[in-house]
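K.L.:
Predicted model, plus sequence, below.
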Amino acid sequence: MTKTDELFFGNQHTVAQEFELFGKGLISGEICSIRVKPAPEDTGIVFIANGEEVKLSQNTTYPGFHNLNLRSTAGDILYIEHILSVFFAFGVDNAIVEIEGKEIPFFDGSSLIFSERMLQVGLKEQNSIRKYMVITEKVEVKDGESLIVAEPSDKFIIHAVYKSPKTGIKEELFVDDISIYPDEIAPARTFIYEKDLNEALNSGLFKGGDMDSAIIFSEEDKPINTDLRFENERVRHKILDFLGDIYCSGVRIFGKFFLFNQSHKLSRELLKKLKYILL
C-alpha cells in the first residue's frame, strides 16, 4: 500500500495488470462489469462507456441521488464513487476503465472487492511525477446541518463526523494515514434508513438491491439486516465516498478536511469553491 505522502509527491502509478469484475447494478438490477487496464503516464483516469472515451474531471461527473455519476452521450454511468475512492487511496493515477452496462457493480455497498483486487494486482511505477492540488485558502461549504471545511495543511488529514438524523448519535474518525484504507475504510458499507428504503422501493428505485447491498437502520439507529463491521461504520463510509468525490478533480487534493454529514452534492460544491495551486 502506498504511503500517504507518496500519493502526492511520488511518481505516477498505473495498475500492474488488468482485472475484471462482474456484479449487479443497484438501480437497474442488470449484470454490469468493469475491466481496469494499465494506462500510459499522464493519461489520468479514462472511462470507456458505450464506446465513448470519457476522461475523469469535474465536467464529466456529477452528483446524483446519493451517488456519483459519469456523463456519457449514450447514457450516463451510475455509482462511480467506490472505484474512484480505491484509485485515490491506492495511488492509481492512470487507468483505463471499460464499462459494460449502465452502472458500476454495487456488490455489498462498500469498496472492499475493488480494494481486494487492487491488492492482488498491485501497481506499476511510471516515470512522470504526480500532479496534485495544494489548498491555499480555507474554504467552507454548508447545506443545512451538513458541512465541509477545507484548509491548507502540511499533511493530508480527514476528520469526519456523522450525526444520525434519527437519534442524534454521533460517529467520528480522524485519518492522517491513508494506508489504513484496505482494512479500515474499504469494508465500510453504504447505509440507509428503513423508512427511506421503503419510499425508494415504492418509487421503483434499487431494482438490483437486496438485504446484502447496504446496512439498513431502524428509526432507533439499530442495524436490522446485518452486523456492523465497525461501530462507526457510517462515518467510515462517508470518508470512503468523500475520497471518490474529490478525485473527480482529476488529481489528488492536499490539505486538511473536516466533514460533518457531508454528501456527494456538498463535496461537489467544495470542488467548485476550492482555492488551490496545481503542482
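P.N.:
Sure thing, it's come through.

K.L.:
Next, the buried residues of stretch 189-205.
P.N.:
Arg189, Thr190, Phe191, Ile192, Tyr193, Glu194, Leu197 (16 or more other C-beta atoms under 10 Å). Just so you know, the C-beta spots here come from the backbone N, C-alpha and C atoms, and that holds for glycine as well.

K.L.:
I figured Ala74 hits Glu53, correct?
P.N.:
No - contact criterion C-beta atoms under 8 Å: Ala74 and Glu53 do not qualify, at 11.8 Å.

K.L.:
Pick out the residue nearest the middle of the chain.
P.N.:
Closest to where the C-alpha atoms of the chain average out (C-alpha atoms, centre = their mean) is Gly244, at 2.7 Å.

K.L.:
ok, which pair from the buried residues of stretch 189-205 is furthest apart?
P.N.:
Comparing every pair within the buried residues of stretch 189-205 by C-beta to C-beta identifies Arg189 and Glu194 as the most remote, at 15.4 Å.

K.L.:
can you list the domain ranges for this structure.
P.N.:
Structural domains annotated on the chain: 4-131, 133-278, as defined by automatic domain parsing.

K.L.:
what about the shortest one, start to end distance?
P.N.:
Right, domain 4-131. 15 Å (C-alpha to C-alpha, to the nearest Å).

K.L.:
where in this structure is pLDDT low?
P.N.:
Within the chain, the ranges that satisfy pLDDT under 70 run 1-2.

K.L.:
Tell me where it has helices.
P.N.:
Along the chain, counting by DSSP state H, helices occupy 4-9, 81-90, 112-121, 194-202, 233-246, 264-273.

K.L.:
For the longest one, buried residues please.
P.N.:
By neighbour count on 16+ other C-beta under 10 Å, the buried set for helix 233-246 is 233-246.

K.L.:
repeat for the third one
P.N.:
Within helix 112-121, the residues that qualify as buried are Leu112, Ile113, Phe114, Ser115, Met118, counting by 16+ other C-beta under 10 Å.

K.L.:
Among those, find me the one that's closest to Lys3.
P.N.:
Nearest to Lys3 out of the buried residues of helix 112-121 is Met118 (C-beta to C-beta; 15.5 Å).

K.L.:
can you tell me which residues contact that closest one?
P.N.:
By C-beta atoms under 8 Å, 6 or more residues apart in numbering, the contact list for Met118 reads Val15, Val86, Phe90, Val92.

K.L.:
how about a cut-off of 10 Å?
P.N.:
By C-beta atoms under 10 Å, 6 or more residues apart in numbering, Met118 lies in contact with 1, 15-16, 19, 36, 83, 86-87, 89-92, 111, 181-182, 186.

K.L.:
and Gln12, how far is that from Ser85?
P.N.:
Separation of Gln12 from Ser85 (C-beta to C-beta, to the nearest Å): 19 Å.
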